[in-house]
Structures are given as C-alpha cells and as structure tokens.
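Engineer: What shape does this take:
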Amino acid sequence: MRFINDVSSPSQTRPLFPRNTKMASLPLLTRLKLLMFDLITYMSTRRDGSVNQLLFRLVDSKTSAPATKRINTVRVSTSDITIDPSRNLWFRLFNPATPTSEPLPLIVYFHGGGFANYAPDTKHYSHLCCHLAAGTPAVVASVNYRLCPDHKYPTQYEDALDALKFIDAKCSDVLPANTDLARCFIGGDSAGGNIAHHVTVRFLEKMEQFDKMRIAGIIGLQPFFGGEERTESEVRLTKAPLLSVKQTDVYWRDFLPDGADRNHPAAHVFGGGGVKNVEYPASLVVVGGNDPLQDWDTRYAEWLKDCGKRVVVAHYPNAFHGFYVFPEMPEFALCIRDVANFVRQQLHSN
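Structural biologist: Residues are numbered from 1 along each chain as shown. Presented below is the predicted three-dimensional model:
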C-alpha cells in the first residue's frame with residue numbers, strides 16, 4: 001500500500017504517515033543484496049568513517065555504454081556525454097525508443113550515495129534510469145559529479161549547475177532531436193535529491209543565463225536533508241536497512257564546510273527563505289516508512305507547502321532508504337509509476 005497526498009491542495013489534510021509500521025518480510029534476493037551492500041561499505045570505509053574512493057571503485061559494479069536495454073516493450077539506448085574531462089564531469093543519456101517522434105520531456109537526474117558513492121554507470125543506477133526513461137517516457141540525463149571526501153560543498157552543486165548549462169548550450173548536439181528542453185524535470189535520490197533542490201534554486205536565480213531550458217517539476221526520492229536535532233524517525237529506526245544515522249552524520253561531516261554543523265543551509269534548508277522568492281516548480285517527494293530520514297522528508301514537503309509551492313507526497317510505509325535500486329521490491333514499480341504520473345500531470349497542467 002502507498003499513500004499519495006497533494007499537500008498543497010486545500011481539499012486535503014496534512015499527510016499523516018504511520019509511525020509504527022513494522023518492516024515487511026523482505027524478498028530473499030533483497031536480503032542477499034543488502035548483505036552485499038554492507039560488505040562493500042565495510043571494505044571501502046576508512047577508520048574515520050569516510051569513503052576510500054579507490055577501494056569503492058574496485059567493488060562498484062558498472063555497466064558500459066553505448067548499449068541498448070529492453071524494459072518491458074521499450075528499448076532504451078544509452079550513451080555517455082563528456083562535459084569537462086578535467087573534473088570527470090559527464091552524464092549518461094538514456095533515450096527510449098517511442099512509437100512516435102512526439103517531443104519527450106527531459107529528466108536531469110542526480111544519483112544518491114551520501115555525496116560520496118556511486119556514479120551514473122553504477123549498475124543499479126543505470127537500471128533505475130532505464131526504467132525511468134521507459135516508464136515515463138522521458139529522455140534521462142544522469143549526471144556524474146565529484147564526490148566527497150575529496151570534494152566538499154559546494155562542489156556538487158557547482159557541477160550540477162554546470163551540467164545544466166552544458167545541456168542548455170549543447171542540446172542540439174548531445175540530446176535526441178525530439179527532446180523538449182522547455183519541459184525539463186530535475187530529479188535525484190537521497191543526496192541527489194538534495195542536489196536537485198539546491199541546483200533548481202540556483203537555476204532559478206540565474207535563469208537569464210539559460211536559453212532553452214525551463215524546469216517543469218522536481219522529483220525527490222527520499223531526499224537527504226537534516227539538522228542538529230534528532231527526529232523521532234532517526235531515534236526509532238536504528239536498525240533500518242542500508243542507512244544509519246551514524247552514516248548520515250559522517251556524510252554531512254565529509255560534505256559540509258569545515259567547522260559547519262548539520263544546521264548549515266545545505267542540509268537544513270528550512271531555516272531561510274529559500275524558495276519563497278523564486279518560481280519554484282511543483283515537487284514530488286517520495287517518503288519511506290522505514291527510512292530514518294522520513295521525518296526530514298516530511299518536513300521538507302510541508303516547508304515547501306508553507307512557502308506556497310505545490311507538493312505531491314508519495315509515501316510507501318514499508319520502504320527503506322534506497323528501495324528504488326531493488327527492482328524486486330513491489331515499491332520499485334510503484335515509484336516508477338508515481339514518477340510517470342507526476343511528470344504527465346505537470347506537462348498537462350503546463
């Protein structure tokens with residue numbers, strides 16, 4: 001079961017999410033994958049908790065491009081586009097073969113991993129973006145940005161904005177001809193959801209620098225926000241799979257400027273004006289009932305609503321953090337469907 005609320009609609013109440021949902025029995029394949037994730041994390045973690053990028057790259061399962069993958073009845077072709085080789089800034093393009101040549105929206109996607117892990121060619125992120133491209137349908141550009149601890153704030157936001165500028169300037173050279181850049185969605189999961197928020201604000205503040213790109217909506221899958229306080233879900237979900245509060249503390253430590261705490265605006269977006277003075281587009285916020293970050297995600301959605309912005313919240317009571325890279329989970333298909341519905345709704349309303 002999932003709960004979907006448009007929290008900006010006056011006809012609906014504020015979302016009330018279950019606080020005592022027990023973890024459903026996970027598929028055996030999921031349990032095995034979680035054990036592998038734990039092993040990879042253990043092998044690539046330094047004593048201070050930071051990620052050893054060299055070791056992590058050795059065990060991170062990759063996919064190559066160009067390639068073609070069939071998702072149900074849709075063929076999705078992939079290719080890699082270089083933006084700036086000096087900083088390893090590039091994106092993987094996912095192009096669905098649709099029956100007609102009608103314009104397709106663009107989803108610019110930022111992967112998760114605590115600002116410290118993964119890339120667009122990581123196997124499970126390539127698989128996710130293939131499904132997003134086929135299921136929406138949309139052209140998807142999954143951006144590779146520099147990682148912590150070697151590159152701290154605001155490097156990831158700068159890379160993200162430069163990727164948008166490159167796509168805007170070079171769209172006719174690097175995107176399929178039927179890509180509609182005026183119907184662009186900025187998306188991401190976890191840390192990538194955080195990047196999606198901040199790069200959208202930066203885009204809107206500098207929109208005069210963009211010729212063709214316009215943002216029609218934001219897609220945040222369990223976006224990574226936080227603060228110095230411990231929320232109820234962080235205290236309660238100490239044994240949730242894949243992500244612990246201890247890990248999130250290390251991610252923030254390695255990402256934020258030296259000497260900053262978790263109330264820094266990059267993590268704690270709720271303190272400032274933020275989106276009040278810009279035309280921030282409608283947002284989809286996906287929340288997991290077994291995710292320690294769920295209270296921050298709920299607060300983020302409510303904050304956007306209080307700023308006068310439209311928000312659609314999709315809540316999956318049994319979903320843990322990162323469920324969207326486990327295609328055997330029932331919530332995976334629901335998430336792809338909810339993203340597709342959100343995109344179609346925004347295109348129709350615009």
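Engineer: all contacts plus neighbour counts: C-alpha atoms, from now on.
Structural biologist: Fine.
Engineer: all helices of the chain, in order?
Structural biologist: If you assign secondary structure with DSSP state H, the helices in the chain sit at 28-43, 53-59, 123-135, 155-174, 191-205, 232-236, 245-255, 294-306, 330-349.
Engineer: Now the weakest link among those helices, please, by mean pLDDT.
Structural biologist: When mean pLDDT is averaged over each of those, helix 53-59 scores lowest at a mean of 80.
Engineer: Would you mind giving the helices of the chain as a markdown table with distance to residue 184 and mean neighbour count added?
Structural biologist: What follows is these, written out as a markdown table (distance: least, CA to CA, whole Å; neighbours: other CA atoms under 10 Å):
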| stretch | distance to residue 184 | mean neighbour count |
| --- | --- | --- |
| helix 28-43 | 32 | 14 |
| helix 53-59 | 31 | 14 |
| helix 123-135 | 13 | 23 |
| helix 155-174 | 10 | 18 |
| helix 191-205 | 11 | 23 |
| helix 232-236 | 33 | 15 |
| helix 245-255 | 27 | 19 |
| helix 294-306 | 20 | 21 |
| helix 330-349 | 10 | 17 |
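Engineer: Make CSV out of these and add distance to residue 222.
Structural biologist: Compiled in CSV, the helices of the chain are given as follows (distance: least, CA to CA, whole Å):
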stretch, distance to residue 222
helix 28-43, 18
helix 53-59, 23
helix 123-135, 15
helix 155-174, 18
helix 191-205, 7
helix 232-236, 13
helix 245-255, 13
helix 294-306, 6
helix 330-349, 11
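Engineer: For residue 89, which of these is the nearest?
Structural biologist: Nearest to residue 89 among these is helix 155-174 (7.1 Å), distances taken as CA to CA.
Engineer: what comes into contact with the closest one?
Structural biologist: Identification of contacts with helix 155-174 by CA atoms under 8 Å, 6 or more residues apart in numbering yields 81, 83, 89-90, 115, 143, 145-147, 175, 181, 195, 198-199, 202-203, 210-213.
Engineer: Please repeat the previous calculation with a cut-off of 6 Å.
Structural biologist: Where contact means CA atoms under 6 Å, 6 or more residues apart in numbering, the residues beyond helix 155-174 that reach it are 145, 199, 213.
Engineer: now do stretch 101-112
Structural biologist: 138-143, 178-180, 183-192.
Engineer: And for stretch 240-256?
Structural biologist: 114, 148-149, 152-153.
Engineer: Please indicate which of the contacts of stretch 101-112 are buried?
Structural biologist: Of all those considered here, the ones buried according to neighbour count by 16 or more other CA atoms under 10 Å are 138-143, 179-180, 183-192.
Engineer: In strands, which of those appear?
Structural biologist: 139-143, 179-180, 183-189 (DSSP state E).
Engineer: and those as JSON lines, adding pLDDT and distance to residue 163?
Structural biologist: As requested, these are exported to JSON lines (pLDDT from 0 to 100; distance: CA to CA, whole Å):
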{"residue": "139", "pLDDT": "98", "distance to residue 163": "15"}
{"residue": "140", "pLDDT": "98", "distance to residue 163": "13"}
{"residue": "141", "pLDDT": "98", "distance to residue 163": "10"}
{"residue": "142", "pLDDT": "98", "distance to residue 163": "10"}
{"residue": "143", "pLDDT": "98", "distance to residue 163": "7"}
{"residue": "179", "pLDDT": "97", "distance to residue 163": "16"}
{"residue": "180", "pLDDT": "97", "distance to residue 163": "17"}
{"residue": "183", "pLDDT": "97", "distance to residue 163": "16"}
{"residue": "184", "pLDDT": "98", "distance to residue 163": "13"}
{"residue": "185", "pLDDT": "98", "distance to residue 163": "14"}
{"residue": "186", "pLDDT": "98", "distance to residue 163": "12"}
{"residue": "187", "pLDDT": "98", "distance to residue 163": "13"}
{"residue": "188", "pLDDT": "98", "distance to residue 163": "14"}
{"residue": "189", "pLDDT": "98", "distance to residue 163": "17"}
